[in-house]
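In: Provide a 3D model corresponding to the input given below.
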Amino acid sequence: MIFGMRWRLQKPYNVPRRGAYRRKRTNSSISRRCIVCHRLVGQRTAIINQIRCLLLEHSLTVRQRLHWLRHALPDILAQRTDVLSPRMVRILKDLAQDWRHLDDRIETVSREIEALSKNTQPCRHLMTIPGIGPIISSAVVAAIGN
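Out: Below you'll find the model as predicted:
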């Protein structure tokens, strides 16, 4: 056998196998609820951005925070019929309804996380630190574990 051919036939030993970097499966109910809450907040942010973009296409701007949009949206939908078509008003109302529904779901999941964190020893221990409440303590326990 030729010297160079021997080296070409060997596989490199430090190449990771396919699927070696899989995400760890979360088993605790706190970590599952934290993931759900995180996804719901992402969906809510997407809806808020859609509303802002649709308003911006019609030259209607709203300040940056979500409470400004929540406060200004009913007035815009009621008074700016000269700029917004009835179809666009209906679309914005549907998006606002989806936003309220997601707010309710986020509130429900947050209450469940708070109740679970009060019954879990590592979460209670973390909540003794000033500035760390039930949501942060449950997120830390979900990310790190016991």
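In: for I30, give its distance to W99.
Out: Distance of I30 to W99, given as Cβ to Cβ, to the nearest Å: 26 Å. To be clear about C-beta, it is placed using only N, CA and C from the backbone, and glycine gets the same treatment.
In: list the buried ones in the lengthiest helix in the chain?
Out: The residue-count maximum for a helix in the chain (DSSP state H) belongs to helix 86-118. Of the residues in helix 86-118, 88, 92, 95-96, 98-99, 102, 106, 109-110, 112-113, 116-117 count as buried by neighbour count, 16 or more other Cβ atoms under 10 Å.
In: likewise for stretch 122-136?
Out: Buried residues in stretch 122-136, counted by 16+ other Cβ under 10 Å: P122, C123, L126, M127, P134.
In: contacting residues around the third one?
Out: Going back to what we said before, that points to L126. Listed by Cβ atoms under 8 Å, 6 or more residues apart in numbering, the contact set of L126 reads I132, I136, S137, V140, V141.
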